[in-house]
Each structure stands twice: as C-alpha cells, then as structure tokens.
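Engineer: below: sequence and its predicted model.
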Amino acid sequence: MTASPTSRPDNGIPPTVASPGTAPVLPVPPVPAGPAGRTREVPNGSRGPSRAAVMRRRLALGGAALAATAAAVPLWAWFGRVSDVRGVVVASVALAPELRAPATLDARRKAALGATAPGRIATVAVDVGATVRRGQQVATLDADDLAAAVAAAGAQRDEAERAVHAADAAVAHAEATAAHTAADAARTERLAAQDAATRADLDAARAAARAGAADLAQARAGAVQARAAARAAAATLDGQRAHLTDTRLTSPVGGVVTRRDVDPGDVVAAGGSVLEVVDPASLIVTARVDESVLPRLRRGLPVEVRLRSGEPATGHVDRVGREVDPDTREVTVDVALDRPPAHWALGARADVVVRTDAPAQPLAVPVAFLAGPPAARGVWRLDGTPPVGRARWQPVRTGLYAGDFVALRDGLAPGAVVLAPAGRHGGERVRVLVDSPVVGAARVGAAQVGATAPARRSPS
C-alpha cells in the first residue's frame, strides 16, 4: 500500500514520501552553497549549518565565558583573598628636629694666581693636586724684554746719580765764589767809607757779590733738579724690577693646586688666570635653606655632612647668611668642617643635616609608608577593626623629614594603622601584621629644604 501524496507546503519544498511502516521524514531547507556552489552532506543524509556559522557560535560562547571570568575576578578579590600586609600605628613621637639641605664644597682661603702684565708663559712648575708652600714659585713668564728694560733703567739711574754729584760740586763752587765776592764787597765798602776806594770799585764789588749769590742759587736749583731726576730714575728702575719680579709667580698661601689654566708657550693677558691654590684647612660646605627656617638656625649648631662620594664628615654652623635670594627665597649657611675630607674637590655636592635644638612631638610614620607624587602625598590606611579590614587611600600633608621618618601635619589621627604601599589597591581585604609603634627619641628632620622625599607608588 502506498501513501497518498500530500499537498506542497508553503515553503516551496516538495514533501517526502515515507516508506510503508516508517515515520514520515520532515523536509530540511537546503544549506546555502559553499565556495564552489556545493552543499555539505551531513552523516544522516540531511544538510547541516556551514563551518562559518559554527565558528561564529563558538566565538560567541567563548566571549561570554571570558566576560563571566573577568566579572568573577574582582568579586573574588573583594570577597575572597585576604592579603597579609605590614603596618605601623600612627603615634605622637618625641622628635629632635633636624634640617636637611643640599650643599656644595667651597673654601674660604683660595688664591687665584694671574699675570699682572701680558706675556708668554715660560714654565709651569706644578699641576693640579700638587701641594705648594707659601711663597713657592709655581710659574714664570718670558722675561727677556723686561730684563733689558731693567738694565736700561739701571743705566739711567746711574747717570742721574752722577748728575747729582756734579750738581753738588757746582753748588760748592758757587758757594765759595759767593762767599769771596761778598767778602770783597764788604771790604770795598769799608775802604770807600775811608775814601780809600773809588765809587767805581765799590759798584764793581757789589755787582760781583750779587752775581756770586745768583750763581749759588742757580747751582742749588740745579742740584735739586738733579736729585729729582735721580729719584725718578730710581723709581723707574724699581718699577722695571717689579715687572721682572711679576714674571715669577709665587703662591700667596700654602695649599693644594685646584686649577691650572695654562701651559708653557701660552700667551696670557694682564690679569689672566694661571693657577688656583686652596688652603684645605679653610674648606667649608655651603648649604642653601628656605628662609622659613631662619629662626631655628644659629652659629655653632652641630652638622653632619655626607659628600655624594659617600665620605662622611662633621662640622658646625659657622655663618648664617643675611640675604635672601629673590628667586628661590633661600639663604646660604656656611658649615665649617672639623677636619677636611681625605678626598675632596671644590664644587662637590653634599647633603647636610643640621641638628637644631627645638623639640617637637608630631605624629610620624616611616617614609617607606608614603605613596603618591610629592604634590599629592598619601598613605594606605586600614579601614576596619585590626587586624582585618580593607585598604583605603588617605591623602596627608607631610612636615619634617629625617632619615627613615616623616612627620605628618594632618590627614591621620593617633592610633590609625598605615599599610605598606607596595601592591595596594582600594578596597583590598588585608590582614595587618602591625610593627612596633614608633616610640622613644627618634630623629625626624625639618622641612627637607631643596630636596624632595623619594616618590612612592601612587594610589591605583
């Protein structure tokens, strides 16, 4: 028996005739043609979805799985994992304030040796780092021309001295002549009074006396002029000798040569630098501090100095400047060293710590627990009942810096627990391992003038 045909469905697909004793097979719409216009046969003989459709379905399921996983991670971090974190208790601490500032190495006694007249360098006897004595000759200039000038000036002085001797002889002769003519005039006066001499004899005697006196005055004037010329010649000789001496440069202080600007054969102008000598005993460290700390500074305060080379030194405040830089609003502080460092160079950078004697008791935390940039300092604090709670970001204003500690102006109350900042994020569940509170006499420095505390990790 055969099945009777059925009517064509609305989709335009002809019905399938079932074999006797079997269930009818439902029509399956054709799969869109592949690259070659073919359809793919599936194992049961029906046409299935294309490979692109399967791939799109798998990608959609994978994206949904990733989204679900990403949404579950913060929930797990919020409700699940608890991080063990170091912490400190904020406490009020008795502090011995100190001032920290950058500084440079300088010297009070340093001599710059230069040429007083233009010339060519003949010899340089020392180099940078050499130790010299006061008065030691360290360099010379070519002095051939000056030596000739000295010889000429000496000859002129000798001629002037001979002229002085001749003038003195002329004065002596004029004095004798004047004395003779004066005596002759006096005798003729007596004879004329006795009518023993004529009027003409008297006039002649008087004229001779006047001429002798005039010659004497002229001779004496010549002697004065000769002596003046002799003095001028002697001064010229001394000047030429001084110029010759200036070609031999000697150190005015004992110390160490810190700079050498010329070599033999170089030409220097008048006043040109040749060498610089520094007395190591006069070494100082010049620091620049903010004007706001002036009331806390005085002469004699102890100072710790550490050169950037790592060499430590000690000293005391020797002088506090009284002029504020109009641009930086800073003043200079000179620190006298107890002893010069073994290895030094002028201009070397250093860090100084001035021990002031003004007590203070601010709240303090270790510098390592600070986070954020210098303009937006903060800490991670514990929100909750210790030892378990959540990490919360707390902005703070810092005050005094010293060593490993920093004083807090505001932002935290005594007893607050501050967390180590590494790896923290807001709302993180933490278990705090509280370090011992900062107690006792800790040294916390004053405003770290000219330097900034190291930058810490900003809040995430």
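Structural biologist: That came through, no problem. Numbering: from 1, shown residues only.

Engineer: quick one: contacts for the residue lying closest to Thr236 once chain neighbours are set aside?
Structural biologist: The shortest distance from Thr236 to any non-neighbouring residue, by C-beta to C-beta, 6 or more residues apart in numbering, is to Ala153 (4.6 Å). For the C-beta atoms, the positions are set from N, CA and C on the backbone; glycine is no exception. Ala153 makes contact with 233, 236-237, 239-241, according to C-beta atoms under 8 Å, 6 or more residues apart in numbering.

Engineer: of the residues you listed, which is the nearest to Ala375?
Structural biologist: Ala375 lies nearest to Gly239 out of the contacts of Ala153, by C-beta to C-beta, at 65.5 Å.

Engineer: count of neighbours near the closest one?
Structural biologist: Using other C-beta atoms under 10 Å, Gly239 has 13 neighbouring residues.

Engineer: for it, which non-adjacent residue is spatially closest?
Structural biologist: Of all residues not flanking Gly239 in the chain, Ala153 sits nearest, at 7.6 Å (C-beta to C-beta, 6+ apart).

Engineer: so where does the residue nearest to Thr236 fall, helix or strand?
Structural biologist: helix 144-193 (DSSP states H and E).

Engineer: can you name the next helix or strand after that helix?
Structural biologist: Sequence-wise, the next helix or strand downstream of helix 144-193 (DSSP H and E) is helix 199-246.

Engineer: give the buried residues for stretch 348-368.
Structural biologist: Buried residues in stretch 348-368, counted by 16 or more other C-beta atoms under 10 Å: 348, 350-356, 360, 362-368.

Engineer: where's the dip in pLDDT among those?
Structural biologist: pLDDT is lowest at Ala360 among the buried residues of stretch 348-368; the value there is 60.

Engineer: for the residue nearest to Gly239, give me the pLDDT.
Structural biologist: Note on Ala153: pLDDT of 91.

Engineer: how about stretch 84-91: buried residues?
Structural biologist: Using 16+ other C-beta under 10 Å as the test for burial, stretch 84-91 gives 85-90.

Engineer: in strands only, show me those residues.
Structural biologist: 85-89 (DSSP state E).

Engineer: low-confidence ranges in the protein?
Structural biologist: 1-50, 54, 62-80, 93-97, 357-361, 400-403, 434-460 (pLDDT under 70).

Engineer: 50 instead, please
Structural biologist: 1-43, 45-46, 76-78, 436, 438-460 (pLDDT under 50).

Engineer: now for the helix or strand that Leu113 is a member of, which elements pack on it?
Structural biologist: Using DSSP H and E, Leu113 sits within strand 110-114. Applying 3 or more C-beta pairs under 8 Å, 6 or more residues apart in numbering; DSSP states H and E, one finds that strand 110-114 contacts strand 255-260, strand 273-278.

Engineer: which helix or strand lies directly C-terminal to the first one?
Structural biologist: In this case it means strand 255-260. Downstream of strand 255-260 (by DSSP H and E), the next one is strand 267-268.

Engineer: direction included, what does that following strand pair against?
Structural biologist: Pairing partners of strand 267-268, with direction, according to DSSP bridges: strand 119-124 (antiparallel).

Engineer: the helix or strand immediately after the strand it pairs with in the chain pairs with which strands, parallel or anti?
Structural biologist: Following strand 119-124 in sequence order, the next helix or strand is strand 131-132 (DSSP H and E). Sheet pairing of strand 131-132 (DSSP bridges) gives strand 255-260 (antiparallel).

Engineer: which residues touch the closest residue to Glu189 other than its chain neighbours?
Structural biologist: Excluding the flanking residues, the one nearest Glu189 by C-beta to C-beta, 6+ apart is Leu202, at 6.6 Å. Going by C-beta under 8 Å, 6+ apart, Leu202 touches 188-189, 192.

Engineer: in those residues, which residue is surrounded by the most others?
Structural biologist: Compared across the contacts of Leu202, Thr188 has the highest neighbour count, 21 neighbours, by other C-beta under 10 Å.
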